[in-house]
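[1] the sequence and its predicted three-dimensional model are supplied below.
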Amino acid sequence: MTTGTRRPRGPATGRPGAVWALPGALFFALFAVVPMVLVAYLSFTDWDGLATPAPTGLDNWTRLVADPVMRQAVVLSLALTAATWAVQTPIALLLGVWAAGPQRNRAVLSAVFFFPLLLSSAAIAVLWKSLLDPNFGPVARISDALGMGSGNILGTSTGAFTAVVFVSAWQFIPLHALLYQGGARQIPAVLYQAAEVDGAGRLLRFRHITLPQLRATITTSSVLMVVGALTYFDTVLILTQGGPGTDTTIVPYLMFWTGFRGYELGYASAIAFTLVVVATTASLLMVRLTGFGAMRSTREGM
Amino acid sequence: MRSVARTSGRAAAAAALSGVLVLSACSPRGDDDHAGMDVWMYQDDLAVVQEAAIEEFNTGSTVHARMIPVPGDGYQDKLRTAMGSGDVPDVFFNWGGGSIRPYVEADKLLPLDDALAADPELADAFLPSVMEAGQIDGVQYGIPLRGTQPVILFYNKDVFAEAGVEPPQTWQDLLDLVDTFTEEDITPFALAGAEGWPQQMWLQYLVDRLGGPEVFGRIQDGDPEGWRDPVVLEAARTVSDLVDRGAFGDNFASVNYTQGGAPTLLAQGRAAMHLMGSWEYSTQLSQAPEFAEDGLGYLPFPALPDGEGDPANVVGNPTNYFSVGADTDHPDEAVAFLKLTSSPDYVRDMVANGEVPTTANAADLLADSPSPDFAEFQYQLVQDAPAFQLSWDQALESRIANPMKTEIQKLFNGQSTPEQFVDAVAALR
C-alpha cells in the first residue's frame, strides 16, 4: 500500500499511503473512538461523577428498556426526524432549484433567505422563545387577535413539538437549499435544451431531469437532516426545556438531563451509546439503500 | 509539597477533634506555605459583601484568602467537576441540603460541629431555623452567608383597589379572589409554568400547610414512600382544583420567569398575585421601580382549612451557605473566616445591599435597608417561623429533584392526575 503499484519509484504520485491517513485517524481515535469506548464502559456502571464508577452489570440497560421516559424520547426523536425530513426536504429542494437560476432577483432573494445560516442555534432559539411568549410575543398577539386562543404554544404538547420542528426548519432550510442550489447548478444545461426541443414542459423537466440529477444531493441532504434531527439538542434546551412535562424530551436532551442535571452518568452513558448506534445505523442504511456509497454517476450514457 | 501540607492539615484537624486546641494554635503552619485559601463564590451583584469579608480576613491572617468568582449558570457543574477531580475548594458557596449531600456522602466536606461546639457564640448568632437547613443528617456542614429568601405571596395593590377587594387572609378569601379576578379577565396568580420550580413553591406550601414540615421531612430523609402520605395527594388535588378554577390563567405552561414573563404580568396588572421568592422584590425594583415601591404588596401564604401545619411556617431558600472542604490545608483559618459572616460589619454590608440577614442581631440594623418595610416583614416572617423548609429541588439530590419538578409540571398542566402524580414521584429512586 505504501508504494504505488503503477509507479514503484514514485510513491508520492501514486495512491496516497496509509501514512497520509494517520493524522486524521489519530484525531478520530482520540476524540471519537476513545470516548465511545469509555461511554460503553460507563454504561455498565453506576457513576455520580464523584466516586469511582461502580460496575452494576446490565442494570442501566434493563432500566433503559423499561423506562417510560426513554420510550417516549425514542418515539419523539423518530417523530422529530420524520417531521424534519418531510418539512425541510420539499421546501429546501424547491427553494434551492429556484435559487439556482441565473436571474439577479433570485440572487438577491437567496441572500436574504440564507440569513438564518449566519445565526447561532442558541441565538435562534432565544429569538423564537421571545416571539412565542404567550403574553408579550407577537405570535400570541396575532393568535389572540384572530380569536385562536391564548397563545399557549410552548405549553401544549403538539404546540411545543410543532415549534421545535418549525424553528429547526427555519434554521436549517437555508443550509439545505444551498446544497440543492449547488446541485442544481451542476446539471448540464444541454439536458434541458434537449428536453425543450422534445417539447417537455417546466414540470416534466423538473420531474425527469432535475430530480434524478439531484439524487446524490438529496441523499447528502437527507443524511445530514436525519443525523442532525437524531442529535438535535440546543433548540430544545432553550425553547422548551423538554417540556411541557417530558413531551419534547428527545433522546439527546434526555441524555443531557440525566447526565448533567441529574448526575447519573452511568445511565446517561447507556442513553448516549444507544444514540450513537442508532444514528450510525441510520446514516449507513440510508447511504446503502440509496446507492450513494457506490458513487454511481448521474451522467451515465451522456 | 502539597501532600505534606495536606497531611499536616489532617493532623491539625485531628488535634482539634481531640480537643487539644492549644496545639493547633501553636503549630507553625502557614509561615512557609503560600498556597493560600480559595473561596469559591457564586458570582453576582451581592458578592461584594463576601469580597469585603475576604479583604478583612486577609488583614488579620497569615494565610492569604482569595475569592474565586464562578459564573452563576455553571456553578453547580463546575463545583461537581472540582469535587470529582479531587481539587476541592477550601471554602465554597452552596445551597445546603441536597446540593451538598452527595459531597458529604463522598466524605468531601468538613463537619463543623466541633467548631460550633468550641464557639457557642457562632452557633447562636443565626436564626435556628436557618442554621438547621445547613445540616445533613443532623451534622452541621454549612454556615449561613447570605440573606434569607422566603417564598411570599406578592400582589398588585392597584389591581386589588380597582376590583374593590382586600388581599387574602384565609384560604376561602383566596378562592373567592380567584373567581373575582377571573370574571374581570385578570389572571388571579401569575405563574411561570415553563420552568417547573415556581409550581413547586405552590405544592410545597400546600403540603406544609396541610401536614406540616414532617411530611416532606420523611421524603428528604430518603423514604420515597413518604410521597404516599395522604397529605401529598390532598395537596395535589388542591392544585388541580386551583388550575380548574382558572387560578393561573390558561397559558401559564408557556410563561417563563426570566424573559419578561410572570413578574411583568404582575407589574402590568394583568395578573393580581404572584407566589414567588423574596427576590421578586429586587426583580421588580430593577424592571419596574415605580411599581416595586408603590404598587407591590406582600403577604404570608394563608392557612388551609383543617390544615395541620403551622401557618407561620415558611418555605423557600433559608439562605446560602459556606462549607469547608475536608482536605483543606487550612481548616482553622477556614472556620475563622466563616465566623466573619456573623460579624457586625458583614451584617451591615448585607443590609446596605438590600439583603435580609439571618443573624439573630439583624433586627436593629434593618432600618438602614434600602427598603426597610419589606426587610422588616421578611425578617419577622422568618424569625417567627417554627420551620423554614428548604425548597424541595434544593433539599433533594438533583437525580430525584429534576424528575420531581417535571412531574409537578405535568400535574399543573393536567397531563397527569393527582393520583398519577403521587405514583410517579413515589417511584423516583
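    Here it is on my side, so go on. Residues are numbered from 1 along each chain as shown, chains lettered A, B, ... in the order given.
[2] next, name the residue at the spatial heart of the chain.
    Picked chain A for this. A:Gly228 (1.9 Å; CA atoms, centre = their mean).
[3] wrong chain, I was asking about chain B
    Note: chain B centre (CA atoms, centre = their mean) maps to B:Asn317, 1.6 Å.
[4] for the residue nearest to the centre of chain A, give me its contacts.
    A:84, A:172 (CB atoms under 8 Å, 6 or more residues apart in numbering or on different chains). Just so you know, the C-beta spots here come from the backbone N, C-alpha and C atoms, and that holds for glycine as well.
[5] and it, helix, strand or coil?
    Put simply, A:Gly228 is helix when judged by DSSP: H, G, I helix; E, B strand; the rest coil.
[6] and the residue of chain B nearest chain A?
    B:Ala253 (2.6 Å; CB to the nearest CB).
[7] residues of chain B that sit close to chain A?
    Residues of chain B that fall close to chain A, judged by CB under 8 Å from any CB of the partner chain: B:77, B:80-81, B:83-84, B:102-103, B:106, B:108, B:193-196, B:249-256, B:259-261, B:264-265, B:270, B:397-399, B:402-403, B:406-407, B:409-410, B:413, B:415-416.
[8] got a PyMOL select line for the buried ones in the residues you listed?
    Burial among the residues of chain B next to chain A is assessed by 16 or more other CB atoms under 10 Å in any protein chain shown; the matching PyMOL selection reads:
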select buried, chain B and resi 80+83+84+102+103+106+108+193+194+195+196+249+251+252+253+254+255+256+260+261+264+265+270+397+398+399+402+403+406+407+409+410+413+415+416
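[9] show only the entries of the residues of chain B next to chain A found in helices.
    When DSSP state H is applied, those are split such that B:77, B:80-81, B:83-84, B:102-103, B:264-265, B:398-399, B:402-403, B:406-407, B:409-410, B:413 fall in helices.
[10] can you give me the helices for the stretch 51-200 of chain A?
    A:59-66, A:68-99, A:104-113, A:121-131, A:138-145, A:157-186, A:189-197 (DSSP state H, counting those that start in this stretch).
[11] lowest average confidence across those helices, which one?
    Lowest mean pLDDT of the helices of the stretch 51-200 of chain A: helix A:138-145, a mean of 81.
[12] ok, the residue in chain A that chain B sits nearest to - contacts?
    Relative to chain B, the nearest point of chain A is A:Gly155 (2.6 Å; CB to the nearest CB). Contacts for A:Gly155 (CB under 8 Å, 6+ apart) come out as A:134, A:244, B:193-194, B:251-255, B:413.
[13] now distance to A:Leu127 too, for the residues you listed, in a markdown table please.
    A markdown table is the format used below for the contacts of A:Gly155 (distance: CB to CB, whole Å):
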| residue | distance to A:Leu127 |
| --- | --- |
| A:Pro134 | 16 |
| A:Pro244 | 21 |
| B:Gly193 | 21 |
| B:Ala194 | 16 |
| B:Asn251 | 20 |
| B:Phe252 | 23 |
| B:Ala253 | 21 |
| B:Ser254 | 16 |
| B:Val255 | 18 |
| B:Asn413 | 25 |
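[14] out of those residues, which comes closest to B:Trp171?
    Relative to B:Trp171, the closest of these is B:Phe252; by CB to CB it sits at 20.3 Å.
[15] run through the residues that contact the closest one.
    B:Phe252 touches A:155, B:187, B:190-193, B:412, counting by CB under 8 Å, 6+ apart.
[16] ok, the closest residue to A:Trp47 other than its chain neighbours to B:Leu275 distance?
    What sits nearest to A:Trp47 in space, not counting adjacent residues and going by CB to CB, 6 or more residues apart in numbering or on different chains, is A:Pro53, at 3.9 Å. Per CB to CB, to the nearest Å, A:Pro53 is found 41 Å from B:Leu275.
[17] for stretch B:78-98, measure first residue to last.
    16 Å (CA to CA, to the nearest Å).
[18] repeat that for stretch B:376-392.
    26 Å.
[19] show me what it is in contact with.
    B:95-97, B:127, B:129-130, B:132-133, B:148, B:150, B:152, B:197, B:200-201, B:204, B:208, B:212-213, B:216, B:278, B:298, B:300, B:310, B:312-318, B:356, B:358, B:362-363, B:366, B:369, B:395, B:401, B:404.
[20] give me that answer again for 7 Å
    Contact with stretch B:376-392 is made by B:96-97, B:127, B:129-130, B:133, B:148, B:150, B:200, B:204, B:208, B:213, B:216, B:278, B:298, B:300, B:310, B:312-318, B:356, B:358, B:362-363, B:366, B:401, B:404, as judged by CB atoms under 7 Å, 6 or more residues apart in numbering or on different chains.
[21] mean confidence (pLDDT) on it, please.
    Stretch B:376-392 comes out with an average pLDDT of 91.
[22] buried residues in it, which are they?
    B:377-379, B:381-383, B:385, B:387-392.
[23] check stretch B:238-251 too.
    B:238-240, B:242-243, B:246-249, B:251.
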